[in-house]
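A.B. asks: Got a predicted model here, sequence first, then my questions.
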Amino acid sequence: MSGVGTGRGAPHRDAEGQEPASGTGVDVDVLTARDVPLGGPRAMTVRRTLPQRARSLIGAWCFIDHYGPDDVAETGGMDVAPHPHIGLQTVSWLFSGEIEHRDSLGSHAFVRPGELNLMTGGHGISHTEVSTPGTSVLHGVQLWVALPEEHRDTGRDFRHHAPSPVRRDGAVLRVFLGSLAGDTSPVPTFTPLLGAEIVLEPHATTTLDTDPVFEHGLLVDQGSIRMAGTTLRRAELGYVGPGSDKLTLTNETDAPARAVLVGGTPFGERIVMWWNFVGRSHEDIVDARQDWEDASERFGQVEGYPGDRLPAPALPNATIAPRGNPTRPKGSTR
């Protein structure tokens, strides 16, 4: 997917809108999503929770779009023409539907529910995403991972992984990156990361052992989940800072609840995000945009898409400044 936007986060709260009760040991910041149209005559709308003013990154995770369930007959589904990326990895994860992926590495693959597609576009890559004709309902998440300075010009790569379900304490987990609940994804990452889908049975509670040096974010897809004493509703993202070695999740509803858990060590680098690019300076973005407009070999060619590639938008009339996360007060675990 393409495009970057910002929203506003809400303070941490419990189910009644108050601060978490003492004894939970963990503060949760609740980040709310904003609607963003992806463009085109029948624009597909996504809910974007990262980046926003309150938080730019969770570990190296720098972008989270959440979409659906969308009736493709009404929305037209997904049809994203060839577009470029630098300095990042794209992580595609579906709950329903199917997306056809093509990229300038020559990869031709399908994104299906419960299967990870991870594309690396360090120095430059381009790709397309199109929902398949057999898709009636499209529902999933698109996430980006910022590459650290020493690897941000790495070559193109594409990985696919279908994690086996892990069952414990009324929950089913699929670990697509990193390690959780005794399962480890074989997909390598450039910084320590975690990515997992979690489905909780009605009124189930599960406690997960987590790495205390990680910060975590839980995006609720369906239902209502109480995380470390704070209730998160559909499309909300709960953030927990480093310092805790356990995370307790409770489904507060009479139906299954589903969420995506992301995490990683604090990134520690300031980044510049604009359109589909992650750099370190305004000049990085200017150069990448010009290379795309010039049809530079930097991004290669995507074969098999029946249409024109996306033109780059105009640059803003100001220098694009690097962004990091807000500085936490000394001694805070948030």
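C.D. replies: Thanks, I have the structure now. Numbering: from 1, shown residues only.
A.B. asks: make it CA atoms for all contacts and neighbour counts henceforth
C.D. replies: Noted.
A.B. asks: And the closest residue to Arg167 other than its chain neighbours, which helix or strand is it part of?
C.D. replies: Spatial nearest neighbour of Arg167, chain neighbours left out: Leu173 (6.4 Å); criterion: Cα to Cα, 6 or more residues apart in numbering. Assessed by DSSP states H and E, Leu173 sits inside strand 171-177.
A.B. asks: partner strands of that strand, parallel or antiparallel?
C.D. replies: Pairing partners of strand 171-177, with direction, according to DSSP bridges: strand 166-168 (antiparallel), strand 193-200 (antiparallel).
A.B. asks: and of these, who's closest to Leu147?
C.D. replies: strand 193-200 (11.6 Å; Cα to Cα).
A.B. asks: just to revisit the earlier point, need the winner for burial among the strands paired with strand 171-177.
C.D. replies: strand 193-200 (a mean of 24; mean count of other Cα atoms under 10 Å).
A.B. asks: Give me the below-cutoff pLDDT ranges for the stretch 201-334 of the chain.
C.D. replies: Flagging of the stretch 201-334 of the chain using pLDDT under 70 yields the residue ranges 327-334.
A.B. asks: And the strands in it?
C.D. replies: With DSSP state E, counting those that start in this stretch, the ranges of strands along the stretch 201-334 of the chain come out as 205-209, 215-222, 225-227, 230-232, 237-240, 246-251, 257-264, 272-274, 277-279.
A.B. asks: so what strands line up beside the fifth one?
C.D. replies: When pairs are called by DSSP bridges, strand 237-240 turns out to pair with strand 29-31 (antiparallel), strand 215-222 (antiparallel).
A.B. asks: Show me how far the longest one is from its chain's centre.
C.D. replies: Meaning strand 215-222. 10 Å (Cα atoms, centre = their mean, to the nearest Å).
A.B. asks: repeat for the shortest one
C.D. replies: The gap between the average C-alpha position of strand 29-31 and the chain average comes to 15 Å, counting by Cα atoms, centre = their mean.
A.B. asks: Which residues in that strand does the neighbour count mark as buried?
C.D. replies: Buried residues in strand 29-31, counted by 16 or more other Cα atoms under 10 Å: 29-31.
A.B. asks: after that strand comes which helix or strand?
C.D. replies: strand 34-37.
A.B. asks: Describe which strands that next one pairs with in its sheet and in which direction.
C.D. replies: strand 45-50 (antiparallel).
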